[in-house]
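Student: heads up, no residue letters with this:
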């Protein structure tokens with residue numbers, strides 16, 4: 001599992017309902033009932049409270065509503081407030097936010113502080129009344145002005161969020177402090193958050209932890225989670241992972257999704273509790289179901305890797321989709337990768353492009369690089385190498401090593417951008433400096449060839465070695481070649497063989513050919529024509545032209561294999577058609593002498609001519625094998641064939 005960050009709860013609680021108004025202890029139930037039945041409003045309200053709280057009788061919300069209603073209709077504010085609470089909660093009466101607001105308004109108008117706070121909550125949330133932040137702030141202020149701590153807490157919230165009042169963090173802190181001192185847990189938590197972030201007050205982690213603790217000890221789940229974060233980070237308290245886990249557990253058990261996520265991170269990392277991927281996945285699932293995007297992303301990763309849960313790409317895709325929908329760029333990128341690979345979802349390159357683009361536009365460097373690769377390959381959208389380079393450049397500018405490599409490769413080849421070997425060398429160097437083995441290998445190639453940098457075999461060997469030691473086959477092969485020739489390093493055939501062997505073990509055709517040549521020649525290893533043939537075959541099967549030519553020579557000479565001139569000629573033809581000049585020479589010579597093919601002066605003349613034009617030493621002189629000059633008509637026929645071969649076969653081979 002990736003390292004997960006603890007989440008500090010940042011939501012400022014707005015619903016902080018007071019305890020029901022009015023005393024209800026030490027009453028004579030019979031006397032109270034008698035007074036209530038005679039129409040005494042105060043007795044009716046107190047009898048409602050007795051039934052509401054179940055003090056001395058079985059709790060009965062319907063009877064509570066009945067008696068509250070009688071007192072409320074007589075204008076008793078306490079009863080109006082408590083009847084509003086029952087309507088708000090749907091206890092003893094059908095829930096009715098409009099009725100709740102009506103009774104809160106009646107009591108608030110009489111100056112009941114609790115009702116003023118409740119009415120403010122109704123206006124803030126649009127419960128039974130049109131949402132009106134200005135009215136909410138005014139009612140909270142009225143309640144707070146009478147010393148109602150919950151009204152003060154809610155007024156602090158309005159100042160913190162700038163709802164109904166100009167945002168003023170210092171004012172928010174002042175009202176939170178008033179409420180926190182009166183024991184309002186949400187205010188204690190929110191004041192702790194202000195101290196933890198230095199908003200509205202001086203940053204002070206010790207004070208933050210102290211206020212979080214007060215809220216936590218009242219069972220306030222966000223406060224418990226926040227205190228856990230402080231212990232996990234060692235902020236304001238000595239770092240104590242076990243204490244962090246204990247507080248996270250308390251909050252998680254109360255259903256706090258942030259704590260559930262944070263508890264999962266502790267199990268995943270084995271911090272404060274034994275590492276337990278199954279428990280980590282269990283808590284991630286709970287937090288994910290509650291909409292915590294980071295948990296959704298990490299749960300997807302758990303399903304993709306089979307960590308703590310059975311591997312399930314479909315579920316991974318489901319949770320990635322959920323997290324991506326929240327705008328989490330890494331989740332968008334990972335979802336795109338599933339679409340590109342067809343894992344857990346039907347392969348859909350267009351969908352992959354969309355999600356890569358969504359993450360890329362948020363600045364996710366890995367997504368920018370992946371989007372560039374998709375556009376360069378024309379997957380999911382029209383091929384657009386210029387756009388690919390733009391995305392590679394964006395990611396490279398953020399330090400993404402893979403993007404730096406891809407940008408360098410584009411510059412080196414002139415794909416989507418003007419060819420610029422010097423710039424390519426700079427970007428390869430940047431990526432290689434970050435440990436990118438392919439970049440180090442390609443930088444070595446530039447130094448060996450003198451492209452964009454001065455030719456320097458020592459530097460080439462240095463970069464090849466850096467990449468080769470990371471297992472990069474190209475670098476292992478090329479370092480072997482420099483070592484075989486003594487360029488930039490001391491000549492050492494045995495060391496060259498060792499490097500060729502490493503690259504060949506990875507299936508690199510050029511290395512298989514080079515290692516085969518060492519076995520054929522007995523250089524750095526005991527001569528073994530049979531082993532050479534086996535290696536040439538492996539490389540030839542991959543289409544490596546030089547290996548096909550070399551294998552042809554082995555068949556022609558019967559070295560390491562039974563002589564077979566026809567097989568030799570067929571291999572020469574395959575390599576010659578790929579542009580290998582030595583194979584063109586050997587095929588021409590075969591036609592000249594009738595080795596494995598019918599003797600054909602025209603074909604011999606044309607193939608030897610092509611080999612000569614492509615740089616094969618001695619090819620022109622080899623035409624002497626024809627014995628006598630060709631007749632003019634035959635020369636014209638041979639020259640026409642040569643022109644066709646030159647047009648059809650590109651120079652090179654490999």
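Tutor: That came through fine. The shown structure was predicted, so the numbers you read here are calculated from the model rather than taken from an experiment. Numbering: from 1, shown residues only.

Student: what's near enough to touch the residue nearest to residue 90 when sequence neighbours are not counted?
Tutor: Nearest residue to residue 90 in three dimensions, chain neighbours excluded: residue 96, at 7.9 Å (C-beta to C-beta, 6 or more residues apart in numbering). Glycine gets a C-beta too; all of them are placed from N, C-alpha and C. Shown in contact with residue 96 (C-beta atoms under 8 Å, 6 or more residues apart in numbering): 87, 90, 128.

Student: repeat that with 10 Å
Tutor: 84, 86-88, 90, 102-103, 128 (C-beta atoms under 10 Å, 6 or more residues apart in numbering).

Student: show the buried residues in those residues.
Tutor: 84, 86-88, 102-103, 128 (16 or more other C-beta atoms under 10 Å).

Student: what lies in contact with the longest helix seen in the chain?
Tutor: Secondary structure assigned by DSSP state H gives helix 632-648 as the longest helix of the chain. Residues from elsewhere that reach helix 632-648, judged by C-beta under 10 Å, 6+ apart: 576-577, 584, 600-610, 612-614, 623, 626, 629-631.

Student: picking up where we left off before, which one of the buried ones among the contacts of residue 96 sits closest to residue 72?
Tutor: Closest approach between the buried ones among the contacts of residue 96 and residue 72, by C-beta to C-beta: residue 103, at 6.2 Å.

Student: wouldn't that closest one be in contact with residue 69 here?
Tutor: Yes. With contact defined as C-beta atoms under 10 Å, residue 103 reaches residue 69; the gap is 9.2 Å.

Student: any common contacting residues for these two?
Tutor: Common neighbours of residue 103 and residue 69 (C-beta under 10 Å, 6+ apart) are 79-80, 83, 86.

Student: could you find the closest non-adjacent residue to residue 379?
Tutor: Nearest to residue 379 is residue 349, by C-beta to C-beta, 6+ apart, at 4.4 Å.

Student: need the contact list for the residue nearest to residue 133 when sequence neighbours are not counted.
Tutor: The shortest distance from residue 133 to any non-neighbouring residue, by C-beta to C-beta, 6+ apart, is to residue 164 (3.4 Å). For residue 164, the contacting residues are 120, 123-124, 132-141, 155, 158, by C-beta under 10 Å, 6+ apart.

Student: equivalent analysis for residue 183, please.
Tutor: Counted by C-beta under 10 Å, 6+ apart, residue 183 has contacts 149, 214-215, 218.

Student: quick check: which element contains residue 471?
Tutor: Per DSSP states H and E: residue 471 is located in neither a helix nor a strand.

Student: can you check residue 172 too?
Tutor: helix 169-181.

Student: now do that helix: which elements does it pack against?
Tutor: Helix 169-181 is packed against helix 133-145, helix 149-161, helix 185-197, helix 205-217, with contacts defined by 3 or more C-beta pairs under 10 Å, 6 or more residues apart in numbering; DSSP states H and E.

Student: Throw the ones you listed into JSON lines and include mean pLDDT, thanks.
Tutor: Output for the helices and strands packed on helix 169-181, formatted as JSON lines (pLDDT from 0 to 100):
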{"stretch": "helix 133-145", "mean pLDDT": "98"}
{"stretch": "helix 149-161", "mean pLDDT": "97"}
{"stretch": "helix 185-197", "mean pLDDT": "97"}
{"stretch": "helix 205-217", "mean pLDDT": "98"}
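
Student: could the ones you listed go into TSV alongside mean neighbour count and distance to residue 268?
Tutor: As requested, the helices and strands packed on helix 169-181 are exported to TSV (neighbours: other C-beta atoms under 10 Å; distance: least, C-beta to C-beta, whole Å):
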stretch	mean neighbour count	distance to residue 268
helix 133-145	22	41
helix 149-161	27	33
helix 185-197	27	24
helix 205-217	22	23
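
Student: leaving out sequence neighbours, find the closest residue to residue 182.
Tutor: Residue 182 sits nearest to residue 149 (C-beta to C-beta, 6+ apart), 3.6 Å away.

Student: list the contacts of the closest residue to residue 436 other than its chain neighbours.
Tutor: Distance criterion C-beta to C-beta, 6+ apart; nearest residue to residue 436, sequence neighbours excluded, is residue 401 at 4.4 Å. By C-beta under 10 Å, 6+ apart, the residues touching residue 401 are 365, 369, 395, 430-436, 438-439.

Student: just those: which are in helices?
Tutor: 365, 369, 395, 430-433, 438-439.

Student: which residues touch residue 205?
Tutor: Counted by C-beta under 10 Å, 6+ apart, residue 205 has contacts 192, 195-196, 198, 230, 233-237.

Student: nothing else from me, thank you.
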